[in-house]
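K.L.:
Predicted model and sequence follow; I will ask about them next.
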Amino acid sequence: MTLSFAETEEQLHLHVAAYLDQMLPFCTIWHHSPNEGSRHVSYKLKQKRMGTKPGWPDIEIFAPAEDTWAEKPLAIFIELKRSSPKTYQSKSQKLIEQQLLSAGCEYQVCRSLEEVDEFLQNKLILRGKLE
C-alpha cells in the first residue's frame, strides 16, 4: 500500500479506512463511529438517548486471538487527529481513553497513517506492510 499525505483529519480518516480494509486480517472487523460534525440539536439529543458517547474514538477494531500477536482477542480503539500542534484531545476524549484503557482495551491517538501502521503492526498479524 502506498502512503499518501493527509492535510485534513477527514483525508487522514479516508486513508486509514482504505489501509484497514486492505491490511487487517480477514476475521478482524473495524468500524467508524460518526460522532463528528455539525448536526441538528434534536438529532444529537436522540443519539445521546440511544447511547452515543461524546469523545468516543474514531476507529474501533475487534480481533480474534488468532489474528493478534498477544494470542488473545483484542479490542483496539484509535482516535485520529490531524498532524498539527493545534489539534488535541477534548476532555471527553481523554475521559473515554482512560475508561477504555481501564477496561483492558488498546487505545492510541494517531496523527498519520504511519502511526496507525506502527501501532497495529505491534498488535495484529496484518496482511501486509505499509510501503
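P.N.:
Alright, I've got the coordinates.

K.L.:
Pull the number of nearby residues for residue 35.
P.N.:
A count of neighbours around residue 35, defined by other Cβ atoms under 10 Å, yields 17. Where you see a C-beta, it was placed from the backbone N, CA and C, and this is true even at glycine.

K.L.:
wait, I meant residue 89
P.N.:
Neighbour count for residue 89, taken as other Cβ under 10 Å: 15.

K.L.:
Surely it touches residue 81?
P.N.:
Yes - judged on Cβ atoms under 8 Å, residue 89 makes contact with residue 81 at a distance of 7.4 Å.

K.L.:
that's a strand at residue 78, yeah?
P.N.:
Yes - membership of residue 78 in a strand is supported by DSSP: H, G, I helix; E, B strand; the rest coil.

K.L.:
Report the contact partners of the residue nearest to it when sequence neighbours are not counted.
P.N.:
Excluding the flanking residues, the one nearest residue 78 by Cβ to Cβ, 6 or more residues apart in numbering is residue 59, at 4.1 Å. The contact partners of residue 59, by Cβ atoms under 8 Å, 6 or more residues apart in numbering, come to 16, 20, 30-32, 76-80.

K.L.:
Check those residues for burial and list the buried ones.
P.N.:
16, 20, 30, 32, 76-80 (16 or more other Cβ atoms under 10 Å).

K.L.:
which SSE is residue 120 in?
P.N.:
Taking DSSP states H and E as the criterion, residue 120 maps to helix 113-121.
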